[in-house]
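Peer 1: Sequence first, predicted model second:
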Amino acid sequence: MNAKSCFGPDRREFLRFGSVAMAATGLGGLSAHTLKAGSGTPKTSNDPAVIFLWLPGGPPHQDTFDMKPDAPAEYRGDFKPISTKVPGMQICEHLPKMAGVADKFSIIRSVAHTFADHGGGHKKFLTGRNPVSPVGFINDFPMAGSMAAKLLPSVGRGVPNYVCGVDGGRQGIDTFSFGSAYLGPSTHPFMVVGDPANKDFEMKNLSPLKGTEDRLTDRLGLLQRFDNRIHDTTGTSQGIDTARATAMDLLTHDRARGAFDLTKETDATRDQYGRHRYGQRCLLARRLVESGVQWVTMVLENSTPPGQEMIKDGTYNWDSHAVNCNIFTDTKYKLGFLDQAVTALIADLYARGLDRKVLLVLTGEFGRSPKIEYNNGRPGRDHWPQAQSIIVSGGGLTMGQTIGSTTSRAETPKDRPLTPNDLWATTFRHLNIDYRNAAFPDSTGRPMSMLESGEPIKELG
């Protein structure tokens with residue numbers, strides 16, 4: 001973080017004791033807060049939590065969790081369905097591990113919306129509202145994670161309440177429409193940047209510089225007195241205050257350092273999840289919710305393991321146009337990593353008794369077009385918001401079922417049509433958030449409800 005000269009000498013001196021921790025919040029500037037270094041104990045880690053696995057680009061529903069083996073060849077694709085542990089439930093043959101834990105997840109096959117561009121699709125899905133523009137990734141309304149973070153306790157846990165894991169260079173808040181709009185930067189996620197499968201991966205500077213620990217409280221008191229003389233008229237002080245409080249929470253508790261440290265896991269556990277970014281991000285997500293983080297987003301794009309090159313006919317994320325990749329080559333490759341990582345996470349959550357505490361959600365912004373397209377003989381599928389498949393697991397909900405269905409060619413919902421808002425209503429209910437009665441003032445002061453519509457999905461319980 002770049003300390004501005006207007007902060008003055010005392011502020012610059014403070015930055016010596018926690019500059020990187022402050023920067024890790026993704027927020028600029030500092031302001032007063034009331035947390036005393038080392039005071040109190042972290043809050044319980046038994047609060048409900050969400051792990052949100054985001055597959056940007058849009059995974060093909062008919063090649064993963066909504067197979068159509070009886071459709072014409074130009075619709076059904078190259079993959080075959082296999083049976084799962086749940087009678088009557090079938091998924092793609094390249095997800096054999098997930099098939100073995102199908103009793104521990106449910107498939108929602110009938111979510112749809114109308115925004116086919118990646119930008120519009122991200123914004124619509126993640127905020128639950130129609131964006132002003134159907135393109136671009138800057139939110140007009142807050143992402144669901146930010147809305148939850150606004151209402152969840154953020155200080156006193158020793159860990160942030162909202163964490164996001166992304167590849168290097170993908171941490172911009174607008175890369176995936178994770179922006180908080182009128183809620184401000186105080187509800188942005190704490191970004192974990194890089195490939196956690198790399199041997200040199202670590203979260204640095206989650207503790208004060210050596211020799212400064214005893215001086216930290218004095219510096220905070222000095223800053224408190226300094227900031228009390230400043231009258232804020234910009235409306236940004238709340239976000240700045242939260243930035244400092246979060247950073248100091250990290251610096252004065254040991255919980256965060258342990259939560260982010262994957263080396264504390266056994267080699268067998270790390271191998272079970274897979275020594276690739278999908279696997280290690282899922283493992284990190286489990287560690288974080290165990291430590292008290294209530295919303296963890298992990299972005300699963302490029303699946304290439306450390307030290308390897310991306311496969312021929314592959315693409316970075318799940319945007320499997322024929323111009324980008326051979327959809328069947330690319331999807332088969334990615335599904336191998338996804339199958340291992342998600343299966344390990346689901347099994348681990350249940351084995352550790354976290355299946356009631358943690359709701360796991362796996363989705364992209366939309367599905368893919370039913371009919372296969374070609375580019376120079378290479379197959380692909382286009383964007384398709386009219387249907388998609390979503391996986392949910394845990395949360396104390398009813399698992400081992402499929403909810404809704406699509407037409408014979410996976411084109412549109414056939415029964416039980418749902419929207420992203422129904423998913424968010426289910427998620428907020430799990431977090432004990434009264435989303436029906438919660439509203440936030442927008443930039444003009446007008447109260448904006450968390451969701452314009454949506455009901456918890458009744459089949460899930």
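Peer 2: The structure has been received and is ready for your questions.
Peer 1: Please list all residues in contact with S291.
Peer 2: When the contact criterion is Cβ atoms under 8 Å, 6 or more residues apart in numbering, the partners of S291 are 45, 158-159, 255-256, 258-259. C-beta here means a position set from N, CA and C on the backbone, and glycine is covered the same way.
Peer 1: how close does it sit to F201?
Peer 2: Summarising the geometry, the distance separating S291 from F201, computed by Cβ to Cβ, to the nearest Å, is 18 Å.
Peer 1: So which residues of the stretch 151-300 of the chain form helices?
Peer 2: For the stretch 151-300 of the chain, helices defined by DSSP state H, counting those that start in this stretch occupy the ranges 216-227, 237-252, 255-259, 267-273, 277-290.
Peer 1: Least reliable of those helices by average pLDDT, please.
Peer 2: Considering those one by one, the lowest average pLDDT is found for helix 216-227, at a mean of 52.
Peer 1: who's in contact with the residue most central in space within the chain?
Peer 2: Residue closest to the mean C-alpha point of the chain, counted by Cα atoms, centre = their mean, is T297 at 1.9 Å. With contact taken as Cβ under 8 Å, 6+ apart, T297 is in contact with 52-54, 145, 162-165, 178, 189.
Peer 1: buried residues in stretch 77-92?
Peer 2: Buried positions in stretch 77-92, judged by neighbour count with 16 or more other Cβ atoms under 10 Å: 77, 79, 81, 84, 86, 89-92.
Peer 1: Widest-spaced pair of these?
Peer 2: Maximum pairwise distance among the buried residues of stretch 77-92 (Cβ to Cβ): 22.7 Å, between G77 and V86.
Peer 1: that older thread, and which of the contacts of T297 is nearest D348?
Peer 2: In terms of Cβ to Cβ, no member of the contacts of T297 lies closer to D348 than L53, at 13.9 Å.
Peer 1: Hmm, that closest one is touching G364, no?
Peer 2: No. With contact defined as Cβ atoms under 8 Å, L53 does not count as touching G364 (9.6 Å).
Peer 1: So for N375, what's the nearest residue that isn't a sequence neighbour?
Peer 2: Distances taken as Cβ to Cβ, 6 or more residues apart in numbering place A322 nearest to N375, at 3.6 Å, with adjacent residues excluded.
Peer 1: wait, doesn't that neighbour sit right on E373?
Peer 2: Yes. A322 sits in contact with E373 when judged by Cβ under 8 Å, with a separation of 5.1 Å.
Peer 1: Please enumerate the shared neighbours of the two.
Peer 2: Taking Cβ under 8 Å, 6+ apart as the criterion, A322 and E373 both touch 379-380.
Peer 1: count of residues packed around the closest residue to A438 other than its chain neighbours?
Peer 2: By the measure of Cβ to Cβ, 6+ apart, the closest residue to A438 outside its immediate chain neighbours is M450, 4.8 Å from it. Neighbour count of M450, defined by other Cβ atoms under 10 Å: 25.
Peer 1: which residues sit in contact with M450?
Peer 2: M450 neighbours (Cβ under 8 Å, 6+ apart): 147, 428, 433, 435, 438-440.
Peer 1: Could you rerun that using 10 Å?
Peer 2: Contacts for M450 were tallied using Cβ atoms under 10 Å, 6 or more residues apart in numbering; they are 128, 141-142, 144, 147-148, 150-151, 421, 424-425, 428, 433-440.
Peer 1: And for F115?
Peer 2: 121-125, 130-131, 134-135, 365-366, 383, 385.
Peer 1: Checking V342 next. Helix, strand or coil?
Peer 2: Using DSSP: H, G, I helix; E, B strand; the rest coil, the secondary structure recorded for V342 is helix.
Peer 1: Tabulate the buried residues of stretch 77-92 (JSON lines), appending pLDDT, distance to V111 and secondary structure.
Peer 2: Formatted as JSON lines, the buried residues of stretch 77-92 follow (pLDDT from 0 to 100; distance: Cβ to Cβ, whole Å; DSSP: H, G, I helix; E, B strand; the rest coil):
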{"residue": "G77", "pLDDT": "97", "distance to V111": "21", "secondary structure": "coil"}
{"residue": "F79", "pLDDT": "98", "distance to V111": "21", "secondary structure": "coil"}
{"residue": "P81", "pLDDT": "98", "distance to V111": "20", "secondary structure": "strand"}
{"residue": "T84", "pLDDT": "98", "distance to V111": "20", "secondary structure": "coil"}
{"residue": "V86", "pLDDT": "98", "distance to V111": "20", "secondary structure": "coil"}
{"residue": "M89", "pLDDT": "98", "distance to V111": "17", "secondary structure": "coil"}
{"residue": "Q90", "pLDDT": "98", "distance to V111": "19", "secondary structure": "strand"}
{"residue": "I91", "pLDDT": "98", "distance to V111": "17", "secondary structure": "strand"}
{"residue": "C92", "pLDDT": "98", "distance to V111": "18", "secondary structure": "strand"}
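Peer 1: Out of these, which comes closest to I390?
Peer 2: When the buried residues of stretch 77-92 are compared against I390 (criterion: Cβ to Cβ), the nearest one is I91, at 13.1 Å.
Peer 1: Surely that closest one and P81 touch.
Peer 2: Yes. Taking contacts as Cβ atoms under 10 Å, I91 lies within contact range of P81: 6.7 Å.
Peer 1: OK, contacts around the closest residue to D355 other than its chain neighbours?
Peer 2: Residue nearest to D355 in three dimensions, not counting chain neighbours: G394, with 4.2 Å by Cβ to Cβ, 6+ apart. Residues near G394 by Cβ under 10 Å, 6+ apart: 49-51, 104-105, 345-346, 349-350, 354-361, 430.
Peer 1: Which of those residues are buried, as a ChimeraX select command?
Peer 2: With 16+ other Cβ under 10 Å as the burial test, the buried ones among these are selected in ChimeraX as follows:
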select :49,50,51,104,105,345,346,349,350,354,355,357,358,359,360,361,430
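Peer 1: List the ones among the contacts of G394 that fall in helices.
Peer 2: Among these, the ones falling in helices (DSSP state H) are 345-346, 349-350, 430.
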